[in-house]
Structure formats: structure tokens, C-alpha cells
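Undergrad: Quick check, what structure comes out for this input:
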Amino acid sequence: MIEKEIKKRLNNIGFVELKEDTTVEGFKFLKEVPLPIMVDDIKKLAIEKNDIGVRADLISKGIIYVLGCDTEFKYKDNYKEILEAIIKDIKSFVITNTLKVEDSLDKYIYLNSFVGLGISDDEIEYNKLIYLENYLDEHRKNLKEEDQSEIIKNLLVNYEKIEDKKIIPYSNYRLGVINKAIGNYLKSKMYFEKSLESGDLVEDEELKNTLRREIEDISDYSNVEIAETYINYSDFDKAEEALKNVSIYYVDQSYLNFLRGFVYQSTGRIELAIEEYKKAISLNKNREDYYNSLAICLVNLNKYKEASYMLEEGIENNNTSYNLKYNLGVIYVNLNKLEEARELLKEAYAIKPSEELYKYIESL
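TA: Presented below is the predicted three-dimensional model:
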């Protein structure tokens, strides 16, 4: 999407075709090569009743805009030759024009001209990505999820490519910010720490303080993410250790209780698991997995009645849950409450029909 939006910006350009070859400032402009000028500049010249002619400054500005929109533009080699002949300091010229515009995507386009010109410059690349981030923040509400993901992927890939040692700490900081925003807390912390440990941040106390705050803020999230990873690999001892490092200020204490309960349950400490699951439910009654996990533990201790009470409460708060209704129906069967069991299992079947469940209901 972003590429299409950038290509659309070519509509901001008008092309002047010369009737004959023309020499300006010692450079010969060929009639075969159309010269780009910003439409706004053409309008301004028309209002001022000035002849467009061959305005080297406006043409140079148009060239960098065109090459920023389309890095493989048909006349890019001709345009590069023009710039090299009439602009002494291309980088300064590009930066000057970038700073003159307000629109974030236009700023990105001007700096993106370096790609079309085949010039590698990490300072330009870094600032270009900053403007792309700004564009994402400004237009997030109007962008589709897949378009946002495309821009984020672009940012992650290209910040990672920066090699200038003086800029790397700042690109790592941005990588930390982006990963934090998309929920990759462990990666985010890693990038913040890499940035803080860089020897090139000696004099930037403001960023160092920001990084310390970010690392402190994100530690809980990263420890939860570490615990989840260990749980997925069934390494429950390390998961438990990671959970011990999560502070009481973690934003979702109910989920923290749930994870502790899951670790206890998985290591056979059922009573402790029950205690944690009950704490989780007291903080958040809208999570069906909390109720189901608690019920399973209670059933393991042959506490079918208590398990049924918990699932009944769960259904009151999550009335469309297939799992809660199915599990309570099965528990009712074990309690010999067959009529109630059939009713609940039928409700579960209405939510998610299956031949196996149909046969089970018919067998009761």
C-alpha cells in the first residue's frame, strides 16, 4: 500500500518538454528528456506570470521528488547526471528541501531520492525511517491492519541495516520502541539494552535516561514473555523463575496469576494451582480459560461439585463459551445430573456442532 501511495505522489509533478536542447549554468538539457517541476511551483510561476523556461533550482527539486517516488524512474540516469552537474552538495540540497515541507510522506520521499541516486548514507536512511514512523502514527486510524504491518516490517528491516556506529544506538532505540508497540517485549528490551551499552552514547544523557526508563518499564513484560516461552517448551522451572521477577506493578495481574497456576498445575502442585486460578478469576471473570483450568484441577482432586459451581459461574460471565458448557455438561454426567447435562451439551452443540458430540448426547 505504501508504495502505491508514494507512486500516487507523482501526480504532484508536472513535466516540461523542451522544444530544443538548452544550455543552462553550463549544462546541456536535452529536448528528449522531460524535466520535472512540482505542480505547486508551476502554479506559482503562472500566478507570478513568469516563464517556466529552464529553472535549474526547480528542476533539481522536481528530480529528487520524482526519484523519491520512483527509484527506477525511466530517466533516472539522465536526472542523476543533471543533479551532479548543477548541484554542488546534493545531500545538503535534499535535506534543505526535506525540511521545507510539512507532510511526513513528502519528507520521506525527498530523502528516498538517495535510493534512486544510488547513494548510501545512513544518516539520510535513519531520518527517512523516522518520517515513515511519523506517517504511520499520523494515519494509523485510516490504515488497514495489513498496511500498518507492511510499514512496520519496512521499518524493522531497514533500521536493522544501519551500519554507522554513531547512528546504530539511535536505530536500536527505534527498534526497541517499535517492538514494544507490537508486543515483542523481549526483543524490545534487548534493543534498548544494546543502545544503552553503546560507547557512542557517552554525551547523550537524555537518551540514556530515556533508555533506562524504558528498560525498567518493559522488564515485567519481557519476563512474562520469557515465562511464556519456557512454558511452550515445558521448562516449567525456568518459567517459574521468570515469573518471580515480575513485579506487583505488572498491568495484568490476573494473567500473572493464571501463568503461575499453569506452572503449578503442570508440575503437580494442584492446591497451589487452584489458589492462583481463584486469584486470577477474582481479578478477571471474563476469561473462560481461567475457569476451565480451575475446574480441571478440582476434578483432579475429585471435587466435582466445586468444579461444577466454578463452571456455572464461568458460564454466567461467558454465556457463549463452548468449552465451559461442554465441560460442565460432562461434569454433570459424572454427578448423575443427566437432564442438566443433556441441556448444556445441546447448547454446546449449537455453538460448535460435531458428529461426535451429537452421538454423545444421544447416548445419555
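
Undergrad: any low-confidence regions in this structure?
TA: Along the chain, the parts satisfying pLDDT under 70 run over 47-54, 202.

Undergrad: Could you chop it up by domain?
TA: 2-140, 165-242, 252-363 (automatic domain parsing).

Undergrad: Distance to residue 148 added to the ones you listed, as CSV?
TA: Using the backbone N, CA and C atoms, a C-beta is placed for each residue, glycine as well. Compiled in CSV, the domains of the chain are given as follows (distance: least, Cβ to Cβ, whole Å):
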stretch, distance to residue 148
domain 2-140, 6
domain 165-242, 10
domain 252-363, 24
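
Undergrad: Please report phi then psi for residue 285.
TA: Phi and psi for residue 285, reported as degrees, to the nearest 10, are phi -90, psi 10.

Undergrad: Among the domains of the chain, which comes closest to residue 151?
TA: Proximity to residue 151 (Cβ to Cβ) singles out domain 2-140 among those, at 5.0 Å.

Undergrad: Give me the residues contacting stretch 332-341.
TA: For stretch 332-341, the external contacting residues (Cβ atoms under 8 Å, 6 or more residues apart in numbering) are 304, 305, 308, 329, 330, 344, 364.

Undergrad: I should have written stretch 135-151 there, sorry.
TA: 1, 2, 104, 105, 108, 132, 152, 155.

Undergrad: where's the fifth one, which helix or strand?
TA: Assigning secondary structure by DSSP states H and E places residue 108 in helix 104-117.

Undergrad: related to what we said a few turns ago, PyMOL command for the buried members of the contacts of stretch 332-341?
TA: Of the contacts of stretch 332-341, the buried ones go into a single PyMOL selection, burial set by 16 or more other Cβ atoms under 10 Å:
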select buried, resi 304+308+329+330+344
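
Undergrad: how close does residue 310 get to residue 272?
TA: If you measure residue 310 against residue 272 using Cβ to Cβ, to the nearest Å, the figure is 17 Å.

Undergrad: neighbour count winner among these two?
TA: Counted by other Cβ atoms under 10 Å, residue 310 and residue 272 do not tie: residue 310 has more neighbours, with 25 against 16.

Undergrad: wait, doesn't the more buried one sit right on residue 293?
TA: No. The criterion here is Cβ atoms under 8 Å, and residue 310 misses it with residue 293 at 10.0 Å.

Undergrad: Which residue, neighbours along the chain excluded, lies closest to residue 325?
TA: residue 348 (4.1 Å; Cβ to Cβ, 6 or more residues apart in numbering).

Undergrad: Where do the strands of the stretch 51-200 of the chain begin and end?
TA: Remark: no strands are assigned in the stretch 51-200 of the chain by DSSP state E, counting those that start in this stretch.

Undergrad: residue ranges for the helices of it, please.
TA: Under the criterion DSSP state H, counting those that start in this stretch, helices of the stretch 51-200 of the chain are mapped to 56-69, 76-86, 90-100, 104-117, 122-139, 145-160, 168-181, 185-197.

Undergrad: and what of the stretch 201-350 of the chain?
TA: Taking DSSP H, counting those that start in this stretch as the criterion, the stretch 201-350 of the chain carries its helices at 205-232, 236-244, 253-266, 270-283, 288-300, 304-317, 322-334, 338-351.

Undergrad: can I get these in a markdown table with distance to residue 167?
TA: As requested, the helices of the stretch 201-350 of the chain are exported to a markdown table (distance: least, Cβ to Cβ, whole Å):
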| stretch | distance to residue 167 |
| --- | --- |
| helix 205-232 | 12 |
| helix 236-244 | 33 |
| helix 253-266 | 37 |
| helix 270-283 | 44 |
| helix 288-300 | 44 |
| helix 304-317 | 51 |
| helix 322-334 | 51 |
| helix 338-351 | 54 |
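
Undergrad: Alright, that wraps it up for me.
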